[in-house]
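Novice: structure for this input, please:
(one chain, ligands or ions: 3)
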Amino acid sequence: MPRRIGILTSGGDCPGLNAVIRGAVLKGTEVYGQEFVGFRDGWRGMIEADFMSLDRTSVRGLAKEGGTILGTSRIGPYRTPEGQPDRILATLARNGIDGVIAIGGDGTMRAAHLLHADGIPIVGVPKTIDNDLDGTDYSFGFDTAVSVATEAIDRLRTTGNANHRCMILEVMGRHAGWIALHAGTAGGAHAILIPEHPESLEQICAWVTSVHERGRSPMIVVAEGFTLPGMTEAHSDRGLDGFGRPRLGGIAEVLAPMIAERTGIETRATVLGHIQRGGVPTSFDRVLATRLGIDVIELVARRQWGRMVALRGTDIVSVALAELQETKSVPPERYHEVRVLFG
Ligand SMILES: Nc1ncnc2c1ncn2[C@@H]1O[C@H](COP(=O)(O)OP(=O)(O)OP(=O)(O)O)[C@@H](O)[C@H]1O
Ligand SMILES: O=P(O)(O)OC[C@H]1O[C@](O)(CO)[C@@H](O)[C@@H]1O
Ligand SMILES: [Mg+2]
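Specialist: Numbering: from 1, shown residues only. Ligands and ions are numbered 1, 2, ... in the order given. Prediction:
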């Protein structure tokens, strides 16, 4: 039975991370008598042996807290001499750590898979507001982000209607438009634009015009990774993230003047940004995160390294990290199901 376990949170933060940590620590300490440490700032803490002790007291009241008490980062393994697997194994052994629980998104799970293949005892817990992680029906954080984005749509509608304007809300979603799809559907958007399904400017303007002609304020929801035909990459003018990828954001500001010019309708853009990632998790996300935290301890107890806990229907199951596909995209039929309501 692994006795001392290290936990880390990696990638963007996400409401529910603390609930996972609490669920895992409570189950592990109370049921299996395990001891826990928390690596600070994701993989960095594991690589540099920068960790804090996690006991029952340190996770008290955490189910409802946003962010992560451990901190997170996009600093990863393999990039420095200390980040090589043999050095990581030696660091873990030196500190008496028998296994690692990595809570993160698709990137974190890819890194965990590589580390497992290189001999590191590691299991995964899926998190991401983007809901783009394969292998799990939903990831916690998504429901919270959708709630925040839906409220933003409701608010933009009243000001849009008062001023007879077209309103555009930009939400997160680098490769997948799940937040846009769900929030846009919940908020009754007149068009939803997602990375998986390009729409032409002509089509977008036709929807906007038809809504305006009915005397309503057109409401468009766009995911940050959406591209117009002819754009080779998602809009980015904010430099690179900690892993060297372009930081997205701002496509709504690009679209607004184009739509205004073509339709003659005054158009305003709002970029929701990190507001959708902060704050308290919804009760759905608290329950999902807590269950994943509880159940990942079973993987650890049975030394089922190289696996990730996941939601399948209403059950928590586990899947091999090796079997995860690149991105869980919005399927065409899910998009076309709501597209018939656009305009
Ligand atoms: N293929 C990879 N090889 C090695 N390390 C990786 C790999 N992919 C990701 N990582 C490491 O894991 C970190 C977390 O991944 P990433 O930044 O993609 O966030 P994520 O876990 O997908 O979460 P989210 O997308 O929700 O923010 C990266 O910043 C990087 O340090
Ligand atoms: O500003 P940061 O922390 O790099 O995060 C932005 C990215 O994080 C995500 O929200 C995933 O958490 C992506 O949709 C977005 O591109
Ligand atoms: Mg990701």
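Novice: surely residue 112 touches residue 105?
Specialist: No. The criterion here is C-beta atoms under 8 Å, and residue 112 misses it with residue 105 at 10.9 Å. Yep, even glycine has a C-beta here, placed from its N, CA and C like the rest.
Novice: when these two are compared, which one has more neighbours?
Specialist: A direct count of neighbours by other C-beta atoms under 10 Å for residue 112 and residue 105 places residue 112 higher, at 30 against 23.
Novice: and the helices in the stretch 1-150 of the chain, which stretches?
Specialist: Taking DSSP state H, counting those that start in this stretch to define them, one finds helices in the stretch 1-150 of the chain at 17-32, 43-47, 85-94, 106-117, 142-163.
Novice: and the fourth one, what does it pack onto?
Specialist: Using 3 or more C-beta pairs under 8 Å, 6 or more residues apart in numbering; DSSP states H and E as the contact definition, the elements that helix 106-117 packs against are strand 99-104, strand 122-126.
Novice: how about the closest residue to ligand 3 within the chain, nearest residue that isn't a chain neighbour?
Specialist: Distance from ligand 3 to each residue of the chain (C-beta to the ion) is smallest for residue 105, at 3.5 Å. Spatial nearest neighbour of residue 105, excluding adjacent residues (C-beta to C-beta, 6 or more residues apart in numbering): residue 128 at 3.8 Å.
Novice: quick check on that neighbour: phi, psi?
Specialist: The phi/psi pair for residue 128 (degrees, to the nearest 10) reads phi 170, psi 140.
Novice: what number of residues lie near the closest residue to ligand 1 within the stretch 201-343 of the chain?
Specialist: Relative to ligand 1, the nearest point of the stretch 201-343 of the chain is residue 243 (3.7 Å; C-beta to the nearest ligand atom). By the criterion of other C-beta under 10 Å, residue 243 has 13 neighbours.
Novice: okay, buried residues for stretch 269-285 please.
Specialist: For stretch 269-285, burial by neighbour count (16 or more other C-beta atoms under 10 Å) applies to 269-272, 276-277, 281-282, 284-285.
Novice: check the residues you listed against ligand 2, which are close?
Specialist: Contacts with ligand 2 within the buried residues of stretch 269-285, counted by C-beta under 6 Å from any ligand atom: residue 277.
Novice: who's in contact with the residue of the chain closest to ligand 3?
Specialist: Residues near residue 105 by C-beta atoms under 8 Å, 6 or more residues apart in numbering: 11-12, 14, 126-128, 130, 132-133, 139.
Novice: farthest-apart pair in those residues, please.
Specialist: With C-beta to C-beta as the measure, no two of those lie farther apart than 12 and 126, at 13.0 Å.
Novice: when these two are compared, which one has more neighbours?
Specialist: Counted by other C-beta under 10 Å, residue 12 and residue 126 do not tie: residue 126 has more neighbours, with 29 against 21.
Novice: so what pairs up with the more buried one in the strands?
Specialist: Counting by DSSP bridges, residue 126 is bridged to residue 104.
Novice: so how far is ligand 1 from the residue of the chain closest to ligand 3?
Specialist: Residue 105 sits 3 Å away from ligand 1, going by C-beta to the nearest ligand atom, to the nearest Å.
Novice: and what of residue 100?
Specialist: When distance is defined by C-beta to the nearest ligand atom, residue 100 is 13 Å away from ligand 1.
Novice: so what pLDDT did that residue get?
Specialist: Looking at residue 100, its pLDDT is 98.
Novice: neighbours of the nearest residue in space to it that is not next to it in sequence, how many?
Specialist: Nearest residue to residue 100, sequence neighbours excluded (C-beta to C-beta, 6+ apart): residue 122, at 4.4 Å. Residue 122 is flanked by 27 other residues according to other C-beta under 10 Å.
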